[in-house]
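Asks: here is a sequence together with a model predicted from it:
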Amino acid sequence: MSSGVAGYNQTAKANGWASLCDGSVAFSHPDLRRLLDLWRSQTTQHRIPLRRDLYPQMVKSFQSDIALYERVAAIGGARRWRILQIGTSFAQIMGKHSGKFLDEVIPAGLVPRWNAALDTTLTQGVALRFLARADTARMPFLTGEYFSAPLIADDGSASLILAAARFTGGRRWNDVEAEARLILARG
């Protein structure tokens, strides 16, 4: 996969993923804009915020809506993402998976999409906006607007992702994607 937002979007299109990355972070939902402002308030001179600077003290009002992921090395140098915490609202859509690895709880066909989104956020070192179909067994009709931003772990490594989402139903993914691509092309 090519790196960056354009690389993610090319890979998503080539693989038929119902997902799109927007580096402009032009969030539609006001709560996600507030979370972006909070994350940015903790960045200084392009430094990724420390986990302890943002989490959990400063994000209490978002507690039920966020997830925290940690990238860990696996045997053979591969990477895996562990769900450190998932809020109750987020878990209603995605499932209660705190403490588990993504590849243990996400359908195998979706793991590459999840890994790519989290990896892209980490390698870019900035907050990103994703639009994606939820693709859960219980609610495949939902689309989500996702906030995804890196955090520095207590050990000093850039290995954490703070995420939040707002979900809507009733719109087909193709319509959401076409609208988003038009807006991105204008920007």
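Replies: Sure thing, it's come through.
Asks: so for this structure, the centremost residue is which one?
Replies: The residue lying closest to the centre of the chain (CA atoms, centre = their mean) is Ser148, at 3.8 Å.
Asks: excluding its backbone neighbours, what's nearest that residue?
Replies: For Ser148, ignoring the flanking residues on the chain, the nearest one in space by CB to CB, 6 or more residues apart in numbering is Thr121 at 4.4 Å. To be clear about C-beta, it is placed using only N, CA and C from the backbone, and glycine gets the same treatment.
Asks: and the gap between the one you found and Asp175?
Replies: For Thr121, the distance to Asp175 (CB to CB, to the nearest Å) stands at 25 Å.
Asks: same check, this time on Asn9
Replies: Distance of Asn9 to Asp175, computed by CB to CB: 17 Å.
Asks: which one's more surrounded, these two?
Replies: Between Asn9 and Asp175, counting by other CB atoms under 10 Å, Asn9 is the more crowded of the two (20 against 10).
Asks: my guess is that one meets Leu20, correct?
Replies: Yes - using CB atoms under 8 Å as the test, Asn9 is close enough to Leu20 to be in contact (6.0 Å).
Asks: and the nearest residue to Arg133 once chain neighbours are set aside, its phi and psi?
Replies: Counting by CB to CB, 6+ apart, the nearest residue to Arg133 once its immediate chain neighbours are dropped is Ala18, at 3.6 Å. Summarising the backbone geometry of Ala18 under the convention degrees, to the nearest 10, its torsions are phi -80, psi 70.
Asks: list the buried residues for stretch 20-36?
Replies: Leu20, Cys21, Asp22, Gly23, Val25, Phe27, His29, Asp31, Leu32, Leu35, Leu36 (16 or more other CB atoms under 10 Å).
Asks: ditto for stretch 121-134
Replies: When burial is assessed from 16+ other CB under 10 Å, stretch 121-134 yields the following buried residues: Thr121, Leu122, Gln124, Val126, Ala127, Leu128, Arg129, Phe130, Leu131, Ala132, Arg133, Ala134.
Asks: helices - which of those residues land there?
Replies: Residues of the buried residues of stretch 121-134 located in helices (DSSP state H): Thr121, Leu122, Gln124.
Asks: out of these, which is nearest to Leu50?
Replies: Lowest distance from Leu50 to these (CB to CB) belongs to Leu122, with 14.9 Å.
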